[in-house]
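Q: What follows is a predicted structure for the sequence shown.
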Amino acid sequence: MTRDEAHSVRDARARIAGHLVGRGRELDLLLAAVAAGRDMLLEGPPGTSKSTLLRAITAEWGIPLLFVEGNADLTPSRLVGHHNPARVLREDYSEDNFVAGPLVKAMRSGGFLYVEEFNRAPEDTLNTLLTAMAERRIAVPRVGTVEALPTFRVIASMNPYDNIGTTRLSTSVHDRLCRLSVDYQDAEAERGIVVRRTGIRSPRLVADAVALTRATREREDVQQGSSVRGAIDVALIAAQLATMRGVELPDDSSIDPPRGLPEAYTGLVLDAMVVALSGRIHLDETIEETPEDVLRQIWDDHFLLSPAAAQPG
């Protein structure tokens, strides 16, 4: 790499980082891998900035980011493309009546093909992707060979906590992908994300929304807790409830909850939690409690039993 190229990579990295909260190490590793021409597997729970990282990189490079959801319906023809049936009846098969799928679009445009829930896709679909990754070209019947532009990448994602309806990836798939594990960020970074995404200026509400959401990931009776998206929604809904009910949001993030916060405020936070988080947490199948029961316990712990947990650290 020349000195000018090195400066260009560093400058690009700095610009991309400006669109993110935290994630410096993950950005370095992902950017280095895709800049080196590698395809990637991002492994982590939902809401851990995987798509945000990819959007920032592709925006900086000026290339498309094409999303595909991996599931049983993602057949090779849906991924690659198909011929328009009506035009085929009138004109027979031709390249002109071929409707490109996301894989062909990504190859032709030099974009990133982002396959979410990669391990839910059928095996024959994954084999099509293997060819694209290994050869950087695919043969499409009655169309010809599609060559990928140099910036084309396949980016796959998996949730390590979800194994329902998934299949184990073969060694040939793993052999063609670099892997990056992406976990939840720390509380400070998540508070920064909530502020950026909501514009809410109450440090108390932001701190409470993040702490309550993070608590859903720490309970033994919750198989999978909520991501920071839950905290964003808790904050937004609580702010709307405060406006509707005429409740002033606290400004001081250091207030000791049992003594300093009014019941009107803590009550609307509980209501916001139920709406924002009850559908996002997945309970252990052996317990008889409802999501609302568990969230009420978390609220009790946060505001009544463990006040220190409410304060930003």
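A: Right, received. Where do you want to start? Residues are numbered from 1 along each chain as shown.

Q: residue boundaries of the helices in the stretch 101-250 of the chain?
A: 102-109, 123-135, 171-175, 187-198, 203-215, 228-245 (DSSP state H, counting those that start in this stretch).

Q: State the distance from Glu188 to Leu277.
A: Remark: distance between Glu188 and Leu277 (Cβ to Cβ, to the nearest Å) = 21 Å. In this view, the C-beta of every residue, glycine as well, is placed from N, C-alpha and C.

Q: In terms of neighbours, single out the busier of these two.
A: Taking neighbours as other Cβ atoms under 10 Å, Glu188 and Leu277 compare with Leu277 leading, 25 against 13.

Q: correct me, but that one touches Val294?
A: No. Applying Cβ atoms under 8 Å, one finds Leu277 not in contact with Val294, separated by 9.2 Å.

Q: okay, and the common contacts of these two?
A: Each of Thr216 lies in contact with both Leu277 and Val294 under the rule Cβ atoms under 8 Å, 6 or more residues apart in numbering.

Q: Now do the contacts for Ala239.
A: Applying Cβ under 8 Å, 6+ apart to Ala239 gives the contacts Thr198, Ile200, Ser202, Leu205, Leu249.

Q: so how far is Met158 from it?
A: Distance, Ala239 to Met158, by Cβ to Cβ: 34 Å.

Q: And for Ile281?
A: Going from Ile281 to Met158 by Cβ to Cβ gives 20 Å.

Q: Could you do Asn97 as well?
A: According to Cβ to Cβ, Asn97 stands 36 Å off from Met158.

Q: and what of Leu169?
A: Distance from Leu169 to Met158, counting by Cβ to Cβ: 8 Å.

Q: cool, Leu177 as well?
A: 10 Å.

Q: Find the nearest non-adjacent residue to Arg108, please.
A: Spatially, and ignoring its direct neighbours in sequence, Arg108 is nearest to Val146 (6.6 Å; Cβ to Cβ, 6 or more residues apart in numbering).

Q: Contacts only, for that neighbour.
A: Under the criterion of Cβ under 8 Å, 6+ apart, the neighbours of Val146 are Val104, Met107, Arg108, Arg137, Ile138, Ala139, Val140.

Q: can I get these in TSV with pLDDT?
A: TSV is the format used below for the contacts of Val146 (pLDDT from 0 to 100):
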residue	pLDDT
Val104	93
Met107	95
Arg108	94
Arg137	92
Ile138	91
Ala139	90
Val140	86
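
Q: Narrow the residues you listed to those that are buried.
A: Neighbour-count burial (16 or more other Cβ atoms under 10 Å) is assigned, among the contacts of Val146, to Val104, Met107, Ile138, Val140.

Q: can you give me the strands in this protein?
A: Applying DSSP state E to the chain gives strands spanning 40-43, 65-69, 81-83, 98-100, 112-116, 137-140, 144-147, 153-158, 178-181, 222-224, 282-283.

Q: Okay, now the sheet partners of the shortest one, with direction.
A: Sheet partners assigned to strand 282-283 using DSSP bridges are listed as strand 222-224 (antiparallel).
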